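Q: Sequence and predicted structure below; questions after.
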Amino acid sequence: MSETTLATHSSDTKNDLVFTGKGGEFFGIWIVNVLLTICTLGIYSAWAKLRTTNYFYGNTKLRGSPFAYTANPIAILKGRIIAFLAFLAYTFLGQSSPEFAVFFLLLLALLAPFVIVRSLNFRLQNTEYRGVRFKFQGKTGEAYGIFLGGYLLVMLTLGILFPWWEKRRKEFYVSNVRFGTSEFTCNPEVSFFYKTAGIIFVVFAVLIIGIVFLASLGAGGVEFMTIMIYPIMGILAAFWFSRVTNHIFAVSKLDAVRFKSELETGQLVGLWVGNLILLAVTIGLATPWVMVRNARYRISKTTVLADNLDSFFAEQKDKSSALGEEIGEAFDIDLAI
């Protein structure tokens, strides 16, 4: 079964996600965030993150209702302080002892799965729609098996297992998300990942062979083709990102609710190139417009497929209220950077 047929059912009603944010409007929030973060030596960055996330969530709407982010900025600040102290330890102690620097990097790698799970816990536990919270249920032990164990397998197989590893990571992210009392399911096809990776490998191999062939003949154009590696890598990255994103949406469900993403490689490349030009011309001042452009494009290409969607949300709100779910202390620190 293909990724397209998995996503669409003729009886499903299309419910488009809408993004109403504007670059000029967000610029006012962004510039204040930057100035106050500088003036407070980074302390305000926690509130800046909250204001930014609230802006993008509040302007992302499904059937007229926005999403909401309810995090406590103090919890975000705790995570920032931990990250800052770790950075200081690495910077100062690493200069006097290279062995410590290596040990510290290995420690960070070992802690990465734990940090990923805690960060997803925090973000989703503080995300809600129509009064119903999301939740991440992934286990730390499973994360270690996928992220560290999978990474080692990819290294040992010289990258052959990378498509399988990418499939497992995406599956872990989505299948452990809950909305109210309903759980997401995600069943990606490993063959899809290998097919997509195979296309990228062939294109890149042809490019490298062409460069080597021209160099062996002493022909001109070697420098041009070498420079072209970078934009081609960007195009291949857009190809991978768009295809994988579309596939993951297509094979994910929330009870009877299905999803569809229609990102296109060409449009994504055009968006990225335009963003780079804006940032270069404005020396970074166009960052708010770039962030809004990215959000608007991705959200405009996302559709929720379901009949009686309002009834589903109302049912989830009733069940969640009866359950009396609260935010526990396990989610009181945001470890995401």
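A: Nice, I can see it. Numbers count the residues shown, from 1 in each chain.

Q: Toward the C-terminus, what is the element adjacent to the helix or strand bottoming out on mean pLDDT in the chain?
A: The helix or strand with the lowest mean pLDDT-type score in the chain, counting by mean pLDDT, DSSP states H and E, is helix 3-7 (a mean of 44). Counting by DSSP states H and E, the element after helix 3-7 in chain order, helix or strand, is strand 14-19.

Q: how about that next one: buried residues?
A: 15, 17, 18, 19 (16 or more other C-beta atoms under 10 Å). (Each C-beta comes from the backbone N, C-alpha and C, glycine too.)

Q: Now it: average pLDDT?
A: Throughout strand 14-19, pLDDT has a mean value of 92.

Q: going forward, begin numbering at 57 instead of 1
A: Sure, I'll start counting at 57 from here, so that last one is strand 70-75.

Q: which element follows that strand toward the C-terminus?
A: Taking DSSP H and E, what comes next after strand 70-75 is helix 79-95.

Q: How far away from the center of its chain is that following helix?
A: Chain-centre distance of helix 79-95: 23 Å, with C-alpha atoms, centre = their mean, to the nearest Å.

Q: same question, stretch 260-273
A: How far stretch 260-273 lies from its chain's middle: 34 Å, per C-alpha atoms, centre = their mean.

Q: what are the C-alpha coordinates of it, in PDB please?
A: In PDB, the C-alpha atoms belonging to stretch 260-273 read as follows (Å, rounded to 0.1, in the frame of the first residue of the first chain):
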ATOM      1  CA  PHE A 260      24.900  12.100  -5.400                       C
ATOM      2  CA  ALA A 261      27.000   9.200  -6.700                       C
ATOM      3  CA  VAL A 262      26.400  10.400 -10.300                       C
ATOM      4  CA  LEU A 263      27.600  13.900  -9.300                       C
ATOM      5  CA  ILE A 264      30.800  12.600  -7.600                       C
ATOM      6  CA  ILE A 265      31.600  10.300 -10.600                       C
ATOM      7  CA  GLY A 266      31.100  13.200 -13.000                       C
ATOM      8  CA  ILE A 267      33.500  15.400 -11.000                       C
ATOM      9  CA  VAL A 268      36.100  12.600 -10.900                       C
ATOM     10  CA  PHE A 269      35.700  11.800 -14.600                       C
ATOM     11  CA  LEU A 270      36.200  15.500 -15.600                       C
ATOM     12  CA  ALA A 271      39.200  15.800 -13.300                       C
ATOM     13  CA  SER A 272      40.800  12.700 -14.800                       C
ATOM     14  CA  LEU A 273      40.400  14.200 -18.300                       C
END
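
Q: Any stretches of the stretch 57-206 of the chain with poor pLDDT?
A: For the stretch 57-206 of the chain, the stretches flagged by pLDDT under 70 are 57-68.

Q: where exactly do the strands run in the stretch 207-356 of the chain?
A: Secondary structure of the stretch 207-356 of the chain (DSSP state E, counting those that start in this stretch): strands at 233-235, 238-242, 308-310, 313-317.

Q: For those strands, state which one has the densest average packing.
A: Highest mean neighbour count among the strands of the stretch 207-356 of the chain (mean count of other C-beta atoms under 10 Å): strand 308-310, with a mean of 21.

Q: What angle do helix 79-95 and the helix or strand containing residue 113 make with each other?
A: Under the criterion DSSP H and E, the helix or strand holding residue 113 is helix 101-114. If you take axes from the mean of the first three to the mean of the last three C-alpha atoms, to 10 degrees, helix 101-114 sits at 170 degrees to helix 79-95.

Q: Now do helix 101-114: distance to the chain's middle.
A: Centroid displacement of helix 101-114 relative to its chain, using C-alpha atoms, centre = their mean, is 16 Å.

Q: Repeat that for stretch 352-371.
A: Taking C-alpha atoms, centre = their mean, one finds stretch 352-371 lying 19 Å from the centre of the chain it belongs to.

Q: Run through who's touching it.
A: With contacts defined as C-beta atoms under 8 Å, 6 or more residues apart in numbering, stretch 352-371 is touched by 63-65, 67-75, 77, 116, 118-119, 185-186, 188, 305, 311-320, 323-324, 327.

Q: So for residue 225, which of the strands of the stretch 207-356 of the chain sits nearest?
A: strand 238-242 (11.0 Å; C-beta to C-beta).

Q: Can you show me the CA trace of that closest one as CSV?
A: What follows is strand 238-242, C-alpha atoms only, in CSV (Å, rounded to 0.1, in the frame of the first residue of the first chain):
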residue,chain,number,x,y,z
SER,A,238,-6.7,8.9,22.5
GLU,A,239,-3.3,7.7,21.3
PHE,A,240,-1.6,8.4,18.0
THR,A,241,-0.5,5.5,15.9
CYS,A,242,2.2,5.6,13.2
